[in-house]
Structure formats: structure tokens, C-alpha cells
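Asker: Need a 3D model of the following:
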Amino acid sequence: MTTVTPGNRGVAHEGQRDEAVSTAASVSPGFADPAPLGLAGFAATTFFLSSVNAGLLPKTVEGAVFGFAIFYGGIAQLLAGMWEFSKGNTFGALAFSSYGAFWLSFWYLVTHLPKASASDLNKAIGTYLLIWTIFTAYMFIASMRTSGAIMLVFALLTLTFLFLAIGAYADSSSITKLGGWLGLVTAVAAWYASFAGVFNSTAKRAAMPTYPRS
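Answerer: All right, here's what the predicted structure looks like:
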């Protein structure tokens with residue numbers, strides 16, 4: 001699959017602890033905002049794999065995503081989630097830690113597929129993707145208290161997982177390709193949220209809009 005909110009929500013104001021993922025124009029003194037890192041790792045890994053799912057890259061090069069899946073989408077996102085725990089940001093901690101674990105589990109799943117028929121493997125992968133669809137769907141509901149940029153990422157990611165799950169269950173390349181295209185759009189949305197977070201932090205003001213929720 002994930003989500004930051006510069007501007008009003010997501011900024012660590014004095015005397016206030018926000019429960020949204022923050023890509024704020026300013027953060028707690030001495031503690032940089034980990035959200036742009038987590039978003040960038042998520043976006044890059046999602047973009048590569050979605051390029052394969054959409055048919056822009058041949059299936060034979062899918063293994064090239066493993067470097068991203070382990071180090072950038074996996075470990076870097078997991079670290080971002082741990083740092084969000086330190087900031088007291090429950091939403092960001094859960095989101096980044098979970099999707100970091102998703103990419104690590106994806107690497108393990110693809111490299112350790114059980115010996116089973118193609119039909120059974122499709123059902124297993126479909127169920128794996130369905131589980132992530134459910135998780136992302138309720139995280140989308142939680143994202144309604146963050147920002148428009150975050151909501152967009154989670155809405156698109158929910159649809160991406162849903163169509164990939166359906167494609168796996170139905171063994172349909174056309175549905176999987178649709179999921180791939182949705183994944184590409186999701187990656188672009190996550191890159192924008194990451195860019196807005198780091199740019200606003202550097203500029204010390206909410207220069208890039210993310211449409212904070214009240």
C-alpha cells in the first residue's frame with residue numbers, strides 16, 4: 001500500500017498532541033517529522049510494484065522490487081512508525097509500522113511461496129490482499145481526522161488492494177492491471193504528501209496545501 005498533514009492539523013503545537021500523521025510546517029524541537037520518510041518509502045515501492053501490475057514493466061522483473069521492499073518500503077517505513085510512537089502519534093505509528101511490515105512480508109511471501117496449485121496460490125494471495133484491504137479501509141475512516149491529502153492516499157490504497165485481491169481470486173490479469181494503475185496513482189498521491197511535508201518543514205510555513213481537516 002500510505003499520509004501526512006502539514007498546516008493546522010498534524011502540527012505539534014505547544015501544549016497539544018495531535019493524533020494525526022503530521023507533515024507539519026514545524027515539529028517538536030529536536031525531533032524531526034518522520035512522516036515524509038515513511039511516505040517516500042511507501043510511494044517508491046508502490047510505484048515500482050504497481051508498474052509491474054499495470055503491465056508497464058514485465059512480470060519477469062518483479063523481483064527487482066525486493067530491494068525497495070526490504071530497505072525503503074520495509075525498514076525505513078518501520079523506523080518511521082517507531083519514531084511516530086515516540087511522538088505520541090497513534091495514527092502515524094500504526095500506519096507506517098504496518099505498511100513497513102507489509103513490504104517485508106511481501107518480500108517473504110513472494111520468495112517463500114508454498115508448494116501448491118496455481119488455483120490455491122491465487123486464493124492464498126487473494127486472502128492476503130483482502131486482509132490488507134480491510135486494514136486500509138478502516139485506516140481510511142481514521143484518516144478523516146487528518147487531512148485531505150492523507151484521506152486521498154488511503155482511499156486510493158483501499159481501492160488498489162481491493163482490485164488486486166479480486167484480480168488474484170478471479171485470476172484476472174485485467175482486474176490486476178486496474179489495481180496496478182490505481183497503485184500508480186496512490187504512489188503519486190503519497191509522493192505529493194511526502195513532498196508537502198518536507199517542503200513545508202524546510203520553508204517553516206504551510207506553503208504546500210494538504211487541506212487540513214477540522
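
Asker: and residue 205, how many residues sit next to it?
Answerer: The tally of other residues near residue 205 (other Cβ atoms under 10 Å) stands at 13. Where you see a C-beta, it was placed from the backbone N, CA and C, and this is true even at glycine.

Asker: And residue 117, by the same measure?
Answerer: Residues near residue 117, counting by other Cβ under 10 Å: 8.

Asker: low-confidence ranges in the protein?
Answerer: 1-30, 214 (pLDDT under 70).

Asker: That one: helices as residue ranges?
Answerer: 35-53, 66-67, 77-87, 90-111, 118-143, 148-170, 173-203 (DSSP state H).

Asker: Redo those as TSV? Include distance to residue 60 and mean neighbour count.
Answerer: Shown next, in TSV, are those (distance: least, Cβ to Cβ, whole Å; neighbours: other Cβ atoms under 10 Å):
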stretch	distance to residue 60	mean neighbour count
helix 35-53	9	26
helix 66-67	14	16
helix 77-87	26	20
helix 90-111	13	21
helix 118-143	17	17
helix 148-170	19	24
helix 173-203	15	21
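
Asker: The closest residue to residue 83 other than its chain neighbours: neighbour count?
Answerer: Leaving aside its sequence neighbours, residue 83 sits nearest to residue 34 (Cβ to Cβ, 6 or more residues apart in numbering; 3.9 Å). Using other Cβ under 10 Å, residue 34 has 29 neighbouring residues.

Asker: Over to residue 31?
Answerer: The burial count for residue 31: 11, using other Cβ under 10 Å.

Asker: related to what we said a few turns ago, any idea how far the residue nearest to residue 83 lies from residue 203?
Answerer: 18 Å (Cβ to Cβ, to the nearest Å).

Asker: Repeat that for residue 99.
Answerer: 27 Å.

Asker: Can I get stretch 179-194 in PDB? Just the C-alpha atoms.
Answerer: Extracted C-alpha coordinates of stretch 179-194, given in PDB (Å, rounded to 0.1, in the frame of the first residue of the first chain):
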ATOM      1  CA  GLY A 179      -5.300  -2.400  -9.400                       C
ATOM      2  CA  GLY A 180      -1.800  -1.600 -10.800                       C
ATOM      3  CA  TRP A 181      -2.900   1.700 -12.300                       C
ATOM      4  CA  LEU A 182      -4.700   2.600  -9.000                       C
ATOM      5  CA  GLY A 183      -1.400   1.800  -7.300                       C
ATOM      6  CA  LEU A 184       0.500   4.200  -9.500                       C
ATOM      7  CA  VAL A 185      -2.000   7.000  -8.700                       C
ATOM      8  CA  THR A 186      -1.700   6.100  -5.000                       C
ATOM      9  CA  ALA A 187       2.100   6.400  -5.200                       C
ATOM     10  CA  VAL A 188       1.900   9.800  -6.800                       C
ATOM     11  CA  ALA A 189      -0.500  11.000  -4.100                       C
ATOM     12  CA  ALA A 190       1.800   9.700  -1.400                       C
ATOM     13  CA  TRP A 191       4.800  11.400  -3.000                       C
ATOM     14  CA  TYR A 192       2.900  14.700  -3.000                       C
ATOM     15  CA  ALA A 193       2.100  14.300   0.700                       C
ATOM     16  CA  SER A 194       5.800  13.500   1.400                       C
END
